[in-house]
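Trainee: Give the three-dimensional model of this entry:
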Amino acid sequence: MTDTKTDLHDAAGTVWAVFGHRFALDGAGGRILADLGPKGAAGIALAVGDQVSLRGAKKPSEIKVARLTLADGSTRTIDWPETEKHDHPPADPTLAVRAAEAAGYTVAGAPARKPKHFELRGAKDGAEHDIHIALDGQIRKTKRLAAA
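Mentor: From the prediction side, this is the model:
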C-alpha cells in the first residue's frame, strides 16, 4: 500500500547513478536519492542519463517513490507495504503496579507498555530497581539501578 501519511514530494531530473532499487536524481532541487523498493524496481530498467519525474514520500535520507514517470511518458505506480503497527493486546497497567507493590517495591511513575510486558521503576531495600512485569502480573526480571 502506498504510504500517504507523510508529505508527498515531486521531483524531476536526470538519473546520475543507479544502486539496485535506488537511484540518484539530479534536478532543480539538487541531488536526491530515490527508492523504488526491490519489488517496485522489478521490470524498470533505469540507466544513467535517463530523464524521469517522480512523486513519493519524503524521508530524511531519500524519497520513497510512489509514482515514477519515465522519459517515454509511461508511468509506474509503486505500492509500499504498510509499516508495521504496534497494536498490543489489551493489558491493565494497574496489575503491574499491584504486582510490584506486593513484592515490596514502592513504585515511581507510570508503567511503560511493551509488547509482552510492562516496565516500571520501583524502590526496595534502599535501592532503585528497573522491574519488568509480564502482562499476567508475574515479575519477569528486576535490575538494581542505584542506591536510593
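Trainee: longest strand anywhere in this structure?
Mentor: Taking DSSP state E as the criterion, the chain has its longest strand at strand 8-19.
Trainee: Give me the helices and strands touching it, please.
Mentor: On a contact count with 3 or more C-beta pairs under 8 Å, 6 or more residues apart in numbering; DSSP states H and E, strand 8-19 meets strand 22-27, strand 30-35, strand 51-58, strand 63-69. Bear in mind the C-beta positions are built from the backbone N, C-alpha and C, glycine included.
Trainee: List the buried residues of it.
Mentor: Neighbour counts over strand 8-19 (16 or more other C-beta atoms under 10 Å) mark H9, A11, G13, V15 as buried.
Trainee: returning to that earlier point: with distance to V107 and mean pLDDT as extra columns, can I get the helices and strands packed on strand 8-19 in TSV?
Mentor: Formatted as TSV, the helices and strands packed on strand 8-19 follow (distance: least, C-beta to C-beta, whole Å; pLDDT from 0 to 100):
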stretch	distance to V107	mean pLDDT
strand 22-27	48	95
strand 30-35	45	94
strand 51-58	41	94
strand 63-69	42	95
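Trainee: I44 is nearest to which of these?
Mentor: strand 63-69 (7.0 Å; C-beta to C-beta).
Trainee: can you give me the angle the closest one makes with strand 30-35?
Mentor: 90 degrees (axes from the mean of the first three to the mean of the last three C-alpha atoms, to 10 degrees).
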